[in-house]
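# Have a look at this prediction, sequence included:
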Amino acid sequence: MNKGDDFDDQMIVAEVVSGQKNLFRLLVNRHEKTVYAMGLSFFHNAEDASDFTQEVFLKLFRALAHFEGRSRFSTWLYKIAYNTAVNSVTRRKEYQSLAEEKDGPPARAEERAAPERAVLRDMVKEAVREAVRELPERYRVCVDLFFFYGRSYLEIEAITGYPVNTIKSHVFRAKKLLREKLKQLIEGGVE
């Protein structure tokens, strides 16, 4: 998302708060896929992710008048989503990284033409999934927000409440652990 999109979001928020409630749908349309993806990371299935998405947007609608514009709208929304998910996961004790999702983007034409490439790509993806699964949860959350959602360290701080230096440390340590794990897998040291 670029700064123009965030400015548009802020304008839509102002309009919704001033009484044009029907414009809220524009915010939902813009952010629904990302919130749903976060729900899949936490809840592992489409039904729970859909329920989570509805819950997040309901909370967002109720809290919209409190958005002050001190952060990007998307950061504020993802903080609401993250807190909602963490509260639910705390009750369930589960979290799954986006890297763990089995269904990636559809294969490109050149990958379909070269099945050995697709097999190799799938093997690499599975190795990354396995390595990410073994990371401590606090590392996985930071890695997901940084690499898969493209959030900055400051945005991750606003979303998770972790200090920036802790986030940097978590991402650094996660990358180191992933590098070591993948090296072991490549060398055949771990089955």
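Nice, thanks for sending it over.
# Any regions of this protein where pLDDT drops low?
For the chain, the stretches with pLDDT under 70 are 1-7, 89-114, 124, 188-191.
# so how far is residue 63 from residue 127?
Look at residue 127 and residue 63: by C-beta to C-beta, to the nearest Å, they are 41 Å apart. The way it works is simple: take the backbone N, C-alpha and C, and place the C-beta from them, glycine included.
# And those two? Which one has more around it.
More crowded of residue 127 and residue 63, by other C-beta atoms under 10 Å: residue 127, with 17 against 12.
# The more buried one sits in which helix or strand?
Using DSSP states H and E, residue 127 sits within helix 115-133.
# for the helix ranked longest in the chain, packing partners?
Criterion DSSP state H: the longest helix present in the chain is helix 164-187. With contacts defined as 3 or more C-beta pairs under 8 Å, 6 or more residues apart in numbering; DSSP states H and E, the packing partners of helix 164-187 are helix 115-133, helix 137-143, helix 153-160.
# could you redo these as a markdown table and give each row distance to residue 59?
Shown next, in a markdown table, are those (distance: least, C-beta to C-beta, whole Å):
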| stretch | distance to residue 59 |
| --- | --- |
| helix 115-133 | 28 |
| helix 137-143 | 19 |
| helix 153-160 | 14 |
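# Sweet, I'm off.
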